[in-house]
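**Student:** Give me the fold of what follows.
(chains A and B)
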There are 2 protein chains.
Amino acid sequence: MSQENDSPATAQMQLADVLAALADEHRRHVVRELVRSEDGAERTCTSFGLPVSKSTRSHHFKVLREAGIVRQVDHGNMSGVTLRRDDVESRFPGLLGLVAAEGD
Amino acid sequence: MSQENDSPATAQMQLADVLAALADEHRRHVVRELVRSEDGAERTCTSFGLPVSKSTRSHHFKVLREAGIVRQVDHGNMSGVTLRRDDVESRFPGLLGLVAAEGD
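**Tutor:** Numbering: from 1, shown residues only, chains lettered A, B, ... in the order given. Predicted coordinates:
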């Protein structure tokens, strides 16, 4: 059975948490990939190729989820993430676009 | 004699540095006050009432300056900062507005 982990309601998202989440380059890499993906596409946490240990990877996705940037669903043998694009955009307009454009 | 400390050219500003600078609540307090101030107004570093030591305060302004968010001028017996509003806005549109709106 799939189970969704906790992520704040849109109105409860805090800029402090979102900026702290995005201040890390590996987490920005994840967000950038998701922003550029098809809307609502689910990715596995392992599919981003982060050069980190499993526990560090889990930590990064927890930070992103608790900031409200992604939803994370536990499918038992794997974990999937989707971008909360509309939620983040409505709360912090333009921020995802800045991350997506980084390095262009 | 007043002397300006180094701050990157607009095109050299890095999102990583700007996000890291803004991930700290004291630095966001400074930026929020500057965004809400008159354009180009110079403030002394002590005028923001940061509840930190002198060396920590100096560190915070160094991080803001090296990210390109403020200019800092050493007047000998005091240090003044101004917001690089147009530079930040042209490089990362909307970001200062998000910081200014925090908590509203």
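**Student:** Show me which residues of chain A are close to chain B?
**Tutor:** A:15-16, A:19-20, A:22-23, A:25, A:28, A:92-95, A:98-99, A:102 (Cβ under 8 Å from any Cβ of the partner chain). Heads up, the C-betas are built off the backbone N, CA and C, glycines and all.
**Student:** in chain A, what residue is nearest chain B?
**Tutor:** Here the residue of chain A nearest chain B is A:G94; by Cβ to the nearest Cβ that distance is 3.4 Å.
**Student:** Could I get the contacting residues of A:L83?
**Tutor:** Going by Cβ atoms under 8 Å, 6 or more residues apart in numbering or on different chains, A:L83 touches A:31, A:34-35, A:37, A:40, A:69-70, A:96.
**Student:** Just flag the most distant two among the residues of chain A next to chain B.
**Tutor:** A:E25 and A:P93 (23.2 Å; Cβ to Cβ).
**Student:** list the helices and strands the longest helix along chain A packs on?
**Tutor:** Secondary structure of chain A per DSSP state H: the longest helix is helix A:54-67. The elements that helix A:54-67 packs onto, with contact taken as 3 or more Cβ pairs under 8 Å, 6 or more residues apart in numbering or on different chains; DSSP states H and E, are helix A:15-22, helix A:25-36, strand A:70-74, strand A:79-83.
**Student:** For A:D6, find the nearest of the ones you listed.
**Tutor:** strand A:70-74 (9.1 Å).
**Student:** Output the closest one as CSV, nothing but the C-alphas.
**Tutor:** In CSV, the C-alpha atoms belonging to strand A:70-74 read as follows (Å, rounded to 0.1, in the frame of the first residue of the first chain):
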residue,chain,number,x,y,z
VAL,A,70,7.5,18.1,-3.1
ARG,A,71,5.1,15.4,-2.1
GLN,A,72,6.6,12.1,-1.3
VAL,A,73,4.8,8.8,-1.4
ASP,A,74,6.2,5.6,0.1
